[in-house]
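Undergrad: need coordinates for the following:
(one chain, ligands or ions: 1)
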Amino acid sequence: MITFDEASRAFHLRGDQLSLVLKLRENELMMCYLGAPLNDPEATHYLSDLRAFLSFDTLRTILPYACPTEGRGDYRPPMIRVKQPSGQRCTELQYTSHRIESGKPKLAGLPATYTESPDEAETLTITLRDPYTALEVDLSYTIFKQHAAIAQSALYRNAGQMPLVLDGAGSMCLSLPGQYDLLHLHGAWGRERMVQRLAPAALTRTVQSTRGASGHEHNPFVALLDPKTDEFSGECYGVNLVYSGDFAISVDEDGYNSTRILASINPSSFEWQLAPGETFQSPEAICVHSTCGLNGMSQALHRLYRTRLCRGTWRDKLRPILINNWEATYHNFDHDKIMDIAHAAADVGVELFVLDDGWFGHRDSDNSSLGDWVVDRRKLPNGLDALAKDINALGLQFGLWVEPEMISPDSDLYRAHPDWCLHAEGRPKSESRQQLILDMSRADVQDYVVEAIGSVLRSAPISYIKWDMNRNYLEAGSALLNDGRQGEVAHRYMLGLYRVMEQITTSFPDVLFESCSGGSGRFDPGMLHYMPQTWTSDDTDAIERLYIQYGTSMAYPISAMGAHVSAVPNHQVGRVTSMRMRGDVAIGGNFGYELDLSKQSPEDIEEIRRQIEQVKAVRSTTQQGTFTRLLSPFEGDLCAWQFHDEHRAILCSYIKMMQPNPRDVRVRMRNLPEDATYRTPSGQIISARALMQVGVRPQFEYHDFTSSVMIFDRI
Ligand code: DGJ
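TA: Numbers count the residues shown, from 1 in each chain. Model prediction:
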């Protein structure tokens, strides 16, 4: 899969669906091609970075450097920034060696994609060296045989005698010829991952976070699209950083029809001292390529993440239908109230009860107790174990909410360790949601969290954990890094968090972990490596969820998205939608409820029973099949998506605002196996071709906020 051609000095990384060509130009490494596989090995000979009419000075400003640096005449954003003791930053990286190995080596302490057998991928590591400082960079490129994806990361090594400071340590640098539309996922709390597509622009544009989490505002993902590309056809690339903290993905279009994409830890909140002999490992970045539009790109990411980023026992298991008490009770509950909801849930076929915030310390609101992970006997006099067992006795699994990275000023933990929170010496400790953030860069804090959460998990039969994180940092300082290393806190926090999550998730392999961050302020591939699902948004309104789930699916698989039916009027937007529509939207994620089931009308309970039966029948297809977006809610009142696998095809269609005397709506399904035949919901036999070419009339009721889920069983 990876070859080095001595004559052309080209490296060709070739998977079944993708080729990457890197080339040595004298001793500098260039990126020459990334796209559909090149079948002819000779093709690499013709790829050239040379544009004969340009002077050498101009050439330096536009060459497709694989690892661009500062001070060498490339004035575009660099992949690395290295400060020498004099303050000088000039760095010139020259090729010294390379090695090719089967499979994919692990990244120490960081989340990453992986292989299960060495023949699934090959990895090329090219070492570059600056002759003056002896900084060495190992650029690693993994090509997957059966995924249209490459993974890239960099290991920085100080092989010289002078201390160096990294203040930019990129993960991925790609150079592509041409100009691209840029699609990114932006938002805020309650409206995460809105899709925005921008026309090409001769600018550097950066999506980024400096809040200590990947954030609600920008996702560490961009897609670059040929301007003619749509959901179903055309070329595009998707780039994702496998990281949950401060990130930056920049796209720079120069005046010579070339585009550079850089993905890295955000250099603006990062600095790392690299003493002689030390190394620094960057996170991994992923790039997928599609020649069949945005859906092709998303499907490549979904398959890679579902099978080779997510891990553990739950990776391939069907996810349980859960009920969460948050919107039903908020902090105000006791054993009996929880049991009322659990009884009603067991009666309709729910499989897992999740006890949310408020079960520990003396937490009657969000003003106390984070860090004191001890059950509140005022609310649960018999303790967690007894509650969990009572719930188990109803035939439900028991799950629990925790927020392990936080500390309330009103907590025993804070009173014992006031310096365990992130803070800047001499400044006030700014609270947000009346809480502070534990300094996860410290080993003693990490050990405390592992032990505290571990002992909760050992204290009762807990099958599921919702791992929440509800604020971003202000003063990102650590009491232990006052030797000039405060610039390392943001990344050390992430390394500490990853260590803690690795220990806890591997110590409790049968527990299903779902990450959460005030909804999903941390929906990223880094979290998915430890926890295979994420709460998609605190906004549970069915209409809002069309946008949020559609946007999230650009990069992340359906099996990663929590989607719950909640009460009306909706707690976030006040909208009233039918129980049917709420269920029809939640089917597009890991299905659950977030309301007081003991208070629903008999009609709604009947509908809930039907939903649960339906989800159980088709969740193998929704969670593990192929997901295709059909009609975008961002472009009109109609939204549609489909799922399919070898057993069935499911068409989900939604109308936001109904028209009077409505137009005919026909939704054409896509990507179904050409020779397949299906049974329609009314029992007719129909070919895949008809479903795709003639289309389907969704069965809508005539009112606003209406939906139709049609299941076509394959025969
Ligand atoms: C934010 C989460 O997104 C909610 O679902 C809920 O768990 C609250 N935190 C609890 O404080």
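
Undergrad: which non-adjacent residue is nearest His331?
TA: Excluding its sequence neighbours, the residue lying closest to His331 (CB to CB, 6 or more residues apart in numbering) is Gly358, at 3.6 Å. The C-beta positions use only the backbone N, C-alpha and C, and glycine is treated the same way.

Undergrad: quick check: bridge partners of Met31?
TA: Applying DSSP bridges to Met31 gives these bridge partners: Leu22.

Undergrad: I figured it hits Arg25, correct?
TA: No. With contacts counted by CB atoms under 8 Å, Met31 stays clear of Arg25, the gap being 10.8 Å.

Undergrad: what's the neighbour count on the residue of the chain found nearest the ligand?
TA: Residue nearest to the ligand within the chain: Asp357 (3.5 Å; CB to the nearest ligand atom). Look at Asp357: counted by other CB atoms under 10 Å, it has 21 neighbours.

Undergrad: residues touching it, list them.
TA: Trp326, Tyr330, His331, Arg363, Asp366, Trp401, Glu403, Asp468 (CB atoms under 8 Å, 6 or more residues apart in numbering).

Undergrad: Lys616 too?
TA: Applying CB under 8 Å, 6+ apart to Lys616 gives the contacts Ile321, Gly349.

Undergrad: is it correct that it falls within a helix?
TA: Yes. Counting by DSSP: H, G, I helix; E, B strand; the rest coil, Lys616 is part of a helix.

Undergrad: thinking again about what came up before, neighbour count for Met31 and Arg25, which is higher?
TA: Comparing Met31 with Arg25 by neighbour count (other CB under 10 Å), the higher total belongs to Met31, at 23 against 17.

Undergrad: the more buried one: what's it in contact with?
TA: Met31 is in contact with Leu20, Val21, Leu22, Lys23, Pro64, Tyr65, Ala66, Cys173, Leu174, Ser175, counting by CB under 8 Å, 6+ apart.

Undergrad: from Ala300, how far off is the residue nearest to Ser117 when sequence neighbours are not counted?
TA: Distance criterion CB to CB, 6+ apart; nearest residue to Ser117, sequence neighbours excluded, is Gly103 at 7.5 Å. Separation of Gly103 from Ala300 (CB to CB, to the nearest Å): 20 Å.

Undergrad: likewise Trp326?
TA: Counting by CB to CB, the gap from Trp326 to Ala300 is 34 Å.

Undergrad: bridge partners for Pro177, pull those for me.
TA: Beta bridges link Pro177 to Ser258, judged by DSSP bridges.

Undergrad: assumed the residue of the chain closest to the ligand was part of a helix.
TA: No. If the criterion is three-state DSSP, then Asp357 is coil and not within a helix.

Undergrad: hang on, Thr210 packs against Asp246?
TA: Yes. In this structure, Thr210 is within contact of Asp246 by CB under 8 Å, at 5.1 Å.

Undergrad: give me the common contacts of these two.
TA: Common contacts of Thr210 and Asp246, defined by CB under 8 Å, 6+ apart, comprise Asn266, Ser268, Ser269.

Undergrad: mind listing what the second one touches?
TA: With contacts defined as CB under 8 Å, 6+ apart, Ser268 is in contact with Gln208, Thr210, Asp246, Ala248.

Undergrad: and of those residues, the nearest to Phe353?
TA: Closest approach between the contacts of Ser268 and Phe353, by CB to CB: Asp246, at 36.0 Å.

Undergrad: wouldn't that closest one be in contact with Pro267 here?
TA: No. Using CB under 8 Å, Asp246 is not in contact with Pro267; the gap is 9.1 Å.

Undergrad: give me the more crowded residue out of these two.
TA: Asp246 (27 against 21).

Undergrad: so how far is Ser430 from the residue lying closest to that one once chain neighbours are set aside?
TA: Excluding the flanking residues, the one nearest Asp246 by CB to CB, 6+ apart is Asn266, at 3.8 Å. For Asn266, the distance to Ser430 equals 20 Å [CB to CB].

Undergrad: the more surrounded of the two?
TA: Legend: neighbour count by other CB under 10 Å for Asn266 and Ser430, higher for Asn266 (22 against 13).

Undergrad: so what's that one up against?
TA: Going by CB under 8 Å, 6+ apart, Asn266 touches Gln208, Ser209, Thr210, Asp246, Phe247, Ala248, Ala490.

Undergrad: contacts only, for the fourth one.
TA: Looking back up the chat, that one is Asp246. Gln208, Ser209, Thr210, Arg211, Gly212, Ile265, Asn266, Ser268, Ser269, Phe270, Ala490, His491.

Undergrad: swap in 10 Å and give it another go.
TA: Residues in contact with Asp246 (CB atoms under 10 Å, 6 or more residues apart in numbering) are 208-215, 220, 264-270, 473, 476, 490-491, 493-494.

Undergrad: just those residues that are near the ligand?
TA: Contacts with the ligand are made by none of the contacts of Asp246, judged by CB under 6 Å from any ligand atom.

Undergrad: which of those count as buried?
TA: Among these, those buried by neighbour count (16 or more other CB atoms under 10 Å) are 208-215, 220, 264-267, 269-270, 473, 476, 490-491, 493-494.

Undergrad: so which of these are in helices?
TA: Among those, the residues falling in helices (DSSP state H) are Ala490, His491, Tyr493, Met494.

Undergrad: which residues touch Cys90?
TA: Contacts of Cys90 were listed using CB under 10 Å, 6+ apart, and they are Thr69, Glu70, Gly71, Arg72, Val82, Gln84, Asp130, Tyr132, Thr133.
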